[in-house]
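S.K.: Provided below are the primary sequence and the corresponding predicted coordinates.
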Number of protein chains: 2
Amino acid sequence: MAEPSGGGLRDEISRLLEELARHGGGPAEAGVTRLLYDSAWSGGQRYLAEEMRAAGLEAHFDNVGNLYGKLPGRDPALPAVLTGSHVDTVRHGGKYDGAYGIAAGIAALAELKRKFGTPLRPLEVASFCEEEGSRFPLAYWGSGNATGRYEWRSGGEYADSAGTTLSEAMTAAGFGLPDRDDCRRSDLAAFVELHIEQGMVLEYFDKRIGIVDTIVGQRRYAVSLEGAANHAGTTPMTLRQDAMTGAAEIAVKLESLASQWGEPLVATVGRLEARPNTPNVIAGSVDFTIDIRHADEWKLSAFSELILSEVERIATRRRLRFAVKPWLTTKPVPLSAALAARTEAICRSLSLPCKRMVSGAGHDAQLFPPLCPTTMIFVPSRAGISHSPQEYTSPEQLADGAAVLFNLLYELAYKEQSP
Amino acid sequence: MAEPSGGGLRDEISRLLEELARHGGGPAEAGVTRLLYDSAWSGGQRYLAEEMRAAGLEAHFDNVGNLYGKLPGRDPALPAVLTGSHVDTVRHGGKYDGAYGIAAGIAALAELKRKFGTPLRPLEVASFCEEEGSRFPLAYWGSGNATGRYEWRSGGEYADSAGTTLSEAMTAAGFGLPDRDDCRRSDLAAFVELHIEQGMVLEYFDKRIGIVDTIVGQRRYAVSLEGAANHAGTTPMTLRQDAMTGAAEIAVKLESLASQWGEPLVATVGRLEARPNTPNVIAGSVDFTIDIRHADEWKLSAFSELILSEVERIATRRRLRFAVKPWLTTKPVPLSAALAARTEAICRSLSLPCKRMVSGAGHDAQLFPPLCPTTMIFVPSRAGISHSPQEYTSPEQLADGAAVLFNLLYELAYKEQSP
């Protein structure tokens, strides 16, 4: 194995994460907020560009503000091996989500250069400008432009809550310059994303590394039930059209069916709004959301159909009017089986207990399979918490993931064999 | 039977209700808002005092603003027969809740005087100042002062949302004058309250009059469940502590047990607040209310205990922390069986189909049984709707109830027999 120098990656990653967190960080309990093209975001990207240069990488921004740090290869005609993640955060998020994959990438490339010199293929680390969808009503603006899902000229279609369009914000941050090419990469040999798990599976199974086989597909629905708001004291149970207990029955049924179908299916009612929402009035209407995820498109689709038929059955029996609006549909994205197998072999040689798993969350990595073999590496999230100031992964756990990344990038960029 | 003159009561009640509704009424869709001691309330009470005088009654206010219209009896030493209801409304309420009992009382007393002259006993109609609890955090301030549950000097303990105390508002409206006696009535022979049903039972059973045997007792609880807010995509079903489905299971169980126990038990989850209430996050905590009502104290208590044990069982199985806070407890109030039987006989002679029932809502009448025999008469509410601008009872239905009231008051106040 190509072992990184002892302690080097761990300390460097911790330093980068702490310094990056100052851009958008306030008091500890407020966490970190770096929204696409805001001043914290600009400061963070500028800081990372400096760190890339200090690490001996060639830093440059594309026209939407994706930042790349490049270690040129001996053969400039070969496609590049790319790692990285996103620099933006949710509002009041943590220090690790996204940032970790960038910091570990910079540290790994610096160490690879120091130990092994110039790679065979170009090796790059990306700090994608946006993934979370926290400012504008779209996600994956960064990796989406890099992979051709989005085109930077379309930013005028989206506005933030203050009415500023994505194009305006992009221009104000110094990007979106006219007469530039699009940001699409067509020169990639592989993409590797290192990320915190944002779940509790690794912690529960006491594994140090997760290797993602598939990023789940999602179906999200907005369900509205309408009954009759009546007096909670004077309306007999038999004469009620109670939207609250209708929604409750659907939520319980959803949970029970999801548990029966088994992993990796998950299904959630996360949001519920009742009206008039008053203790002594039967709820006349309830709006709630259903979020369903599965790694298998056929099962995702079949389960979603089953749930929609349960909504109809329960609402009809209860004399409730109902409406179901699908508002998000994504297909499962299988990642590279070959890269997962190589990552698993690396974990074995490093004696890091690992687990093949699905990612229940969306990630930049899901945009890359049409372009190149893609893999994702997870490290544990304490108590599964993310998108919160309480998000935490220990320096040792961060170093575990970075060591796997270091080895995988070495194999992909320094060895003769094609990825 | 003592029949009121044809059409007289009906037209008079409709006129009084329409004119009273101008005090606190805006556009039709906003309904009527008359809150204790506000300017609409003051205007409404002054208007009613004029109408009482015009009807040949002696009008006077007590020291909290309860308005009485009196027809003195031949024997002033005899205790009085009292009818009436409350003049205040909920915010954006209807024209009938409370107001109907006052308007019908004024119309009935005027007609009784016109047809039969001076009664044997004093006969009075009350416009109680407050019942709904819509401005200050207490209800029954009017009938409570008339019956000794409250004492007008204690108004400094309650403040409205603007920080004005009940005492300050009372003084500003010209009441709560120092050195006055309390408002308690100790001279009552009977209390009769005529009110809209605020439920759909009469309509469902196609009855024109409801006669209340018992006003239900109530138990209200605030329940808090606390689990773990985690990512809806990355947290397997087996590792969740989902406060939303915990609350949903309790709501469904409550409804199912209440249906099994049967009438007149009702149980409701009317209010539910989830946090963070986001589609892709498992709810970390949910607060909800439970409202349980029954006419039998033992069964009310037993059912409440059963539900609390279900909350504990369900929360414990789901690894949710839970807290249950009782915040309202009232006992069932049986009304006079003798007066109910007399009212039923009157309905029979008037050929008005009637139904003995419980009142699932609280009313001023529930304060009076310690003082005197008390009864309540209901007329149908269209679709059971109340506390809404859509509240409606037809002029004919209003006249049905008033005819029953007219006859009952005649029997109680004009005949030799003691109530």
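M.R.: In hand now; what should we look at?
S.K.: which residues does the residue in the stretch 251-400 of chain A that chain B sits nearest to contact?
M.R.: Nearest to chain B in the stretch 251-400 of chain A, going by C-beta to the nearest C-beta, is residue A:360, at a distance of 3.2 Å. Where you see a C-beta, it was placed from the backbone N, CA and C, and this is true even at glycine. Listed by C-beta atoms under 8 Å, 6 or more residues apart in numbering or on different chains, the contact partners of residue A:360 are A:199, A:216, A:264, A:266, A:293, B:231, B:232, B:233, B:234, B:235.
S.K.: tell me the SS of the residue nearest to residue A:376 when sequence neighbours are not counted?
M.R.: Take residue A:376 and drop its neighbours on the chain: the residue closest to it by C-beta to C-beta, 6 or more residues apart in numbering or on different chains is residue A:212, 3.8 Å away. State at residue A:212, reduced to three classes by DSSP: H, G, I helix; E, B strand; the rest coil: strand.
S.K.: Same question for residue A:106.
M.R.: helix.
S.K.: what about residue A:177, how many neighbours?
M.R.: 10 (other C-beta atoms under 10 Å in any protein chain shown).
S.K.: wait, it sits on residue A:64?
M.R.: No - checked against C-beta atoms under 8 Å, the pair residue A:177 and residue A:64 is beyond contact range at 10.3 Å.
S.K.: which bits of the stretch 101-250 of chain A sit near chain B?
M.R.: With C-beta under 8 Å from any C-beta of the partner chain as the criterion, the stretch 101-250 of chain A comes near chain B at residues A:197-201, A:204, A:216, A:218, A:220, A:228, A:230-239, A:242, A:244-245, A:247-249.
S.K.: Start from the N-terminal end of the stretch 51-200 of chain A and give the helices.
M.R.: A:99-116, A:141-147, A:166-172 (DSSP state H, counting those that start in this stretch).
S.K.: most neighbours per residue, which of the ones you listed?
M.R.: With neighbours taken as mean count of other C-beta atoms under 10 Å in any protein chain shown, the helices of the stretch 51-200 of chain A reach their highest mean count in helix A:141-147, at a mean of 28.
S.K.: The nearest residue to the residue of the stretch 251-400 of chain A closest to chain B once chain neighbours are set aside: which element?
M.R.: Spatial nearest neighbour of residue A:360, chain neighbours left out: residue B:233 (3.2 Å); criterion: C-beta to C-beta, 6+ apart. Using DSSP states H and E, residue B:233 sits within no helix or strand.
S.K.: Tell me how far residue B:233 lies from residue B:146.
M.R.: Distance of residue B:233 to residue B:146, given as C-beta to C-beta, to the nearest Å: 60 Å.
S.K.: how far away is the most centrally placed residue in chain A from residue A:312?
M.R.: The centroid of chain A falls nearest to residue A:363 when counting by C-alpha atoms, centre = their mean (3.2 Å). Separation of residue A:363 from residue A:312 (C-beta to C-beta): 34 Å.
S.K.: now swap in residue A:243 and tell me
M.R.: For residue A:243 relative to residue A:312 (C-beta to C-beta), the value is 15 Å.
S.K.: Who has more neighbours out of the two?
M.R.: Shown here are residue A:243 and residue A:312; by other C-beta under 10 Å, residue A:243 has more neighbours (28 against 12).
S.K.: Backbone dihedrals for the more buried one, both of them.
M.R.: Main-chain torsions, residue A:243, degrees, to the nearest 10: phi -70, psi -30.
S.K.: So for it, what pLDDT did the model give?
M.R.: Note for residue A:243: predicted pLDDT of 98.
S.K.: again with residue A:408
M.R.: pLDDT, residue A:408: 97.
S.K.: What is the distance between stretch A:72-86 and the centre of its chain?
M.R.: 22 Å (C-alpha atoms, centre = their mean, to the nearest Å).
S.K.: Narrow the residues of the stretch 101-250 of chain A next to chain B to those that are buried.
M.R.: A:197-201, A:216, A:218, A:220, A:228, A:230-237, A:239, A:242, A:244-245, A:247-249 (16 or more other C-beta atoms under 10 Å in any protein chain shown).
S.K.: Compute the distance from the centre of the helix or strand that contains residue A:400 to the centre of its chain.
M.R.: Secondary structure from DSSP H and E places residue A:400 in helix A:395-414. Centre-to-centre, helix A:395-414 and its host chain are 20 Å apart (C-alpha atoms, centre = their mean).
S.K.: cool, stretch A:65-73 as well?
M.R.: 21 Å.
S.K.: Also stretch A:76-91?
M.R.: Its chain's C-alpha centre and that of stretch A:76-91 lie 13 Å apart, by C-alpha atoms, centre = their mean.
S.K.: Stretch A:221-230 too?
M.R.: That offset, for stretch A:221-230, works out to 32 Å (C-alpha atoms, centre = their mean).
S.K.: What's the end-to-end length of it?
M.R.: Stretch A:221-230 has its terminal residues 27 Å apart, counting by C-alpha to C-alpha, to the nearest Å.
S.K.: and what of stretch A:54-62?
M.R.: 20 Å.
S.K.: Show me which residues of that stretch are buried.
M.R.: A:55, A:57, A:59, A:61, A:62.
S.K.: so who does residue A:49 touch?
M.R.: Counted by C-beta under 8 Å, 6+ apart, residue A:49 has contacts A:59, A:61, A:67, A:69.
S.K.: just the strands in the stretch 101-250 of chain A please.
M.R.: Remark: strands assigned in the stretch 101-250 of chain A by DSSP state E, counting those that start in this stretch are A:123-128, A:188-196, A:209-215, A:217-226.
S.K.: JSON lines for those, including mean pLDDT?
M.R.: Listed next are those as JSON lines, based on pLDDT from 0 to 100:
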{"stretch": "strand A:123-128", "mean pLDDT": "98"}
{"stretch": "strand A:188-196", "mean pLDDT": "98"}
{"stretch": "strand A:209-215", "mean pLDDT": "98"}
{"stretch": "strand A:217-226", "mean pLDDT": "97"}
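S.K.: Give the residue spans of the stretch 1-150 of chain A that score low on pLDDT.
M.R.: The model of the stretch 1-150 of chain A has pLDDT under 70 over residues A:1-7.
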